[in-house]
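Visitor: got a predicted structure here, sequence first:
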Amino acid sequence: MPELSVIMPAYNEELFLEEAIQSILGQSFSDFQLTIVNDNSTDGTQKIIERFVQSDPRVSCIQNTTNLGPAKSRNLAIDGTNTPFIAFMDADDIAVSTRFEKQLAFLRKNPTIGVCGSWSIVFGDKKAVLSNDVDHEKIKVGFLSHCAVHNPTVMLRRSSLGALRFDEKMMVGEDYSLYSQLIATAKFHNLPEKLMYYRWHQNNISQTRITALHASELAIRSKQLSNLGIRPEDPNLQNYIYTVSLKRRQSQESTIKTIRCGQRLLELNRDLAYFDQKILEKHIHTVLIRTIRNTAKYNRSFLKYLKNESGFFAKMPKVDFVVLFLKSFFN
């Protein structure tokens with residue numbers, strides 16, 4: 001039995017699929033099986049898959065008869081394999097040839113780590129580097145505001161995944177949902193190496209996907225806050241979310257409420273110790289200072305609150321306070 005299963009869902013990816021598959025088959029570590037899930041594509045995706053199935057015994061295909069979406073497709077492949085390690089790959093990305101070798105070496109050397117991601121190079125219509133936090137405690141706090149591992153770079157232990165699966169009801173954000181749950185029971189690590197080329201094109205950024213992603217993110221952040229005792233029915237839930245994930249152009253009243261919610265979260269975590277307190281403090285203080293900078297309007301009473309009551313005056317760079325002082329008089 002191979003040591004590693006690689007799972008790649010594909011839907012109408014004829015333009016990029018061959019390059020993605022070749023980047024997997026060309027890995028320096030070769031003891032793996034690649035399962036490609038054709039999610040009822042209507043283009044030439046299946047012909048490309050069949051060519052690789054016939055030429056390389058490591059490649060197999062699951063062909064969906066209806067379009068099930070990436071979450072269900074990945075789950076089908078997970079349930080159809082039994083290797084000790086699982087890696088994910090998107091059908092339009094390119095893996096660096098040493099990706100599997102380096103991730104497996106790290107996981108073998110660090111048996112307490114259950115999930116290993118890496119950094120990525122964004123190419124195509126957008127150029128950037130995706131560099132998430134490296135260590136577990138920072139990643140754990142990072143999940144309060146975003147998916148702190150990049151799914152196409154993830155390799156994990158089957159034993160760490162257990163019965164958890166991607167949420168099949170979610171159109172987008174299913175990776176964020178899964179990993180934000182998994183981090184409660186498994187340790188995470190991101191290798192600070194660029195082991196993936198992540199292709200950015202128009203399908204990544206449709207308005208429908210963005211709207212759906214925002215809705216998913218709010219629900220996931222709400223679940224994360226429940227670890228500190230914040231319930232979904234809490235009347236201040238929105239401001240608790242603003243405490244860990246920046247919301248620009250809040251009113252003065254909303255900013256003050258957000259600051260107080262941030263102080264409350266730190267008090268709760270001090271008792272519960274769910275997050276590393278210093279890392280959580282740094283995260284919340286960074287978000288709140290940016291919130292203050294981006295408050296819609298300023299006046300002198302708001303400035304007085306910041307200086308005398310909020311506790312954030314000492315934490316703010318002096319230049320920020322000078323700017324706020326001027327805005328409070330001339331805004």
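Guide: That came in fine, so what should we check first? Since we're looking at a predicted model, the values are computed, not measured.
Visitor: right, and residue 75 touches residue 166 too?
Guide: Yes: in this structure, residue 75 is within contact of residue 166 by Cβ atoms under 8 Å, at 5.6 Å. The C-beta positions use only the backbone N, C-alpha and C, and glycine is treated the same way.
Visitor: hang on, residue 21 in a strand?
Guide: No: applying DSSP: H, G, I helix; E, B strand; the rest coil, one finds residue 21 to be helix, outside a strand.
Visitor: roughly how far does it sit from residue 151?
Guide: Per Cβ to Cβ, to the nearest Å, residue 21 is found 18 Å from residue 151.
Visitor: also residue 230?
Guide: Going from residue 230 to residue 151 by Cβ to Cβ gives 26 Å.
Visitor: neighbour-wise, which of the two wins?
Guide: residue 230 (22 against 19; other Cβ atoms under 10 Å).
Visitor: what residues does the more buried one make contact with?
Guide: 222, 237, 240, 265, 268 (Cβ atoms under 8 Å, 6 or more residues apart in numbering).
Visitor: next, format those as CSV and append neighbour count, secondary structure and distance to residue 293.
Guide: Below are these laid out as CSV (neighbours: other Cβ atoms under 10 Å; DSSP: H, G, I helix; E, B strand; the rest coil; distance: Cβ to Cβ, whole Å):
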residue, neighbour count, secondary structure, distance to residue 293
222, 17, helix, 25
237, 17, helix, 23
240, 22, helix, 20
265, 23, helix, 20
268, 16, helix, 26
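Visitor: closest to residue 59 out of those residues?
Guide: residue 222 (40.3 Å; Cβ to Cβ).
Visitor: how near is that closest one to residue 50?
Guide: Taken as Cβ to Cβ, the span from residue 222 to residue 50 is 44 Å.
Visitor: next one: residue 155
Guide: According to Cβ to Cβ, residue 155 and residue 50 sit 27 Å apart.
Visitor: spit out the contact partners of the nearest residue to residue 243 once chain neighbours are set aside.
Guide: Nearest residue to residue 243, sequence neighbours excluded (Cβ to Cβ, 6 or more residues apart in numbering): residue 262, at 4.1 Å. Applying Cβ under 8 Å, 6+ apart to residue 262 gives the contacts 243, 284-285, 287-288.
Visitor: make TSV out of those residues and add pLDDT, secondary structure and neighbour count.
Guide: TSV is the format used below for these (pLDDT from 0 to 100; DSSP: H, G, I helix; E, B strand; the rest coil; neighbours: other Cβ atoms under 10 Å):
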residue	pLDDT	secondary structure	neighbour count
243	95	helix	29
284	95	helix	23
285	92	helix	16
287	94	helix	20
288	91	helix	25
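Visitor: between these, which is nearest residue 272?
Guide: Nearest to residue 272 among the contacts of residue 262: residue 284, at 14.9 Å, using Cβ to Cβ.
Visitor: help me confirm that that closest one comes into contact with residue 245.
Guide: No: Residue 284 is beyond contact range of residue 245, at 10.5 Å (criterion: Cβ under 8 Å).
Visitor: output the below-cut-off pLDDT ranges for the protein.
Guide: Low-confidence segments of the chain, defined by pLDDT under 70: 203-208, 309-316, 318-331.
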